[in-house]
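Chemist: pasting the sequence and the predicted coordinates here, then a few questions.
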Amino acid sequence: MPTTTATNAIITQLRALAALTNTEIMIAETRTAQARTAAVSKELRENAENGRKRTKEIEDTIRRFGAVPAFIGPVAGRIGATLKTVFEQAQPFDEAVLGDLALEHQLLGRSTYLRALAVQVDDETLTDLADRLITAHQATVDWLITVLAEEALGGPAALRRTPLQSAAALATTVLNLPGGWVTNIGDHLAESAKQVPARVSELVNFGRGTATPTADELPIEGYDDLNASAAIDAIRSLRNPKDIRSVVAFEEATKDRTTVVSAAQTHVAAIAKDTVGVS
């Protein structure tokens with residue numbers, strides 16, 4: 001590949017990375033409101049700040065190659081993130097996170113391609129930048145995959161569903177009900193009528209995460225009498241995410257100790273990582 005062609009490809013990728021990173025920053029800031037714990041909120045704010053630093057590095061590199069950064073980059077990123085946020089409010093939580101994951105995979109792919117281009121032109125500074133981008137985006141990919149695994153295992157996930165995402169999950173569940181509920185309604189009307197209250201309760205609880213159990217229903221005996229340290233130790237002894245979820249639902253509805261909820265979410269994250277093979 002001639003140097004001029006390689007340089008043009010590099011500039012194109014850098015501009016695309018800058019635009020996508022601006023979208024990534026806005027999404028991280030938007031997700032802060034969904035953070036389950038203060039630790040997750042802090043991590044998202046740091047991700048946004050690190051994204052700004054990466055954007056500056058990318059734009060400085062564009063200038064080093066004799067080009068001008070796209071003026072509308074930050075604006076386009078803000079608009080893109082806003083449109084994405086509005087659109088995904090009509091989606092279930094997992095679909096919204098999958099959308100974030102698609103963005104990160106694109107950033108990771110372009111960063112990897114940029115590294116190959118950097119090697120082609122024998123530019124060590126550019127190679128170092130590409131390596132840092134690859135590391136950052138791979139970490140975010142792993143984090144999002146973990147969030148999806150947490151959701152699949154029943155949570156608590158690092159991010160909470162918004163009310164509209166809970167409603168979307170409820171609507172999706174209704175659409176996915178067995179066909180027999182509709183096609184065989186004539187034959188099973190009486191039986192279906194008996195099941196309606198339980199089914200409605202199940203769907204509502206699915207949309208908002210879980211119903212709040214009583215102290216006697218918890219998998220940890222005497223949990224309500226435990227101090228924060230003892231509660232955390234007891235939660236860490238649990239291996240079933242469903243059990244952890246029930247404890248968190250009770251904790252959030254009663255004492256709502258942030259250290260306990262944070263420890264529970266971290267424990268579920270470790271189980272989720274093991275489930276999907278994220279190190």
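Modeler: All right, it came through fine. Worth saying up front: this structure is predicted, and the values here are computed from it rather than measured. Numbering: from 1, shown residues only.
Chemist: what residues does stretch 261-270 touch?
Modeler: 36-40, 146, 150, 153, 155-158, 232, 235-236, 238, 241, 244-245, 247-248, 251-252 (CB atoms under 8 Å, 6 or more residues apart in numbering). All C-beta atoms are positioned from the backbone trio N, CA, C, and that covers glycine.
Chemist: check contacts around residue 32.
Modeler: Neighbouring residues of residue 32 by CB under 8 Å, 6+ apart: 41, 44, 45, 48.
Chemist: now the last one. Nearest residue, chain neighbours left out?
Modeler: Put plainly, it is residue 48. residue 28 (4.1 Å; CB to CB, 6 or more residues apart in numbering).
Chemist: now that neighbour, what's its secondary structure?
Modeler: helix (DSSP: H, G, I helix; E, B strand; the rest coil).
Chemist: residue 279: how many residues sit nearby?
Modeler: 5 (other CB atoms under 10 Å).
Chemist: whoops, I mixed them up, residue 239
Modeler: Counted with other CB under 10 Å, residue 239 comes out at 9.
Chemist: and the nearest residue to it once chain neighbours are set aside, what element?
Modeler: Excluding its sequence neighbours, the residue lying closest to residue 239 (CB to CB, 6+ apart) is residue 271, at 7.4 Å. In the assignment (DSSP states H and E), residue 271 maps to helix 258-276.
Chemist: pLDDT on that helix, on average?
Modeler: Averaging pLDDT along helix 258-276 yields 92.
Chemist: could you pull out the strands for the chain?
Modeler: Here the chain has no strands by DSSP state E.
Chemist: quick check, residue 141 in contact with residue 103.
Modeler: No: between residue 141 and residue 103 there is no contact under CB atoms under 8 Å: 10.0 Å.
Chemist: okay, and for the stretch 101-250 of the chain, where does confidence drop off?
Modeler: 162-211 (pLDDT under 70).
Chemist: can you show me the helices along it?
Modeler: 124-152, 163-175, 180-183, 185-208, 228-236, 241-253 (DSSP state H, counting those that start in this stretch).
Chemist: just checking, what packs against the first one?
Modeler: To tie it back to what came earlier, the one meant is helix 124-152. Using 3 or more CB pairs under 8 Å, 6 or more residues apart in numbering; DSSP states H and E as the contact test, the elements touching helix 124-152 are helix 3-31, helix 38-64, helix 93-120, helix 258-276.
Chemist: closest one to residue 218 among those?
Modeler: helix 258-276 (12.3 Å; CB to CB).
Chemist: buried ones in that closest one?
Modeler: 260-269, 271-273 (16 or more other CB atoms under 10 Å).
Chemist: contacts for stretch 135-153?
Modeler: By CB under 8 Å, 6+ apart, stretch 135-153 touches 24, 47, 50, 54, 93-94, 97-98, 100-101, 104-105, 107-108, 111, 156-159, 241-242, 265, 268-269, 271-273, 275-276, 278-279.
Chemist: burial of residue 242, as a residue count?
Modeler: Applying other CB under 10 Å, we find 12 other residues in the vicinity of residue 242.
Chemist: next: residue 237.
Modeler: Applying other CB under 10 Å, we find 11 residues neighbouring residue 237.
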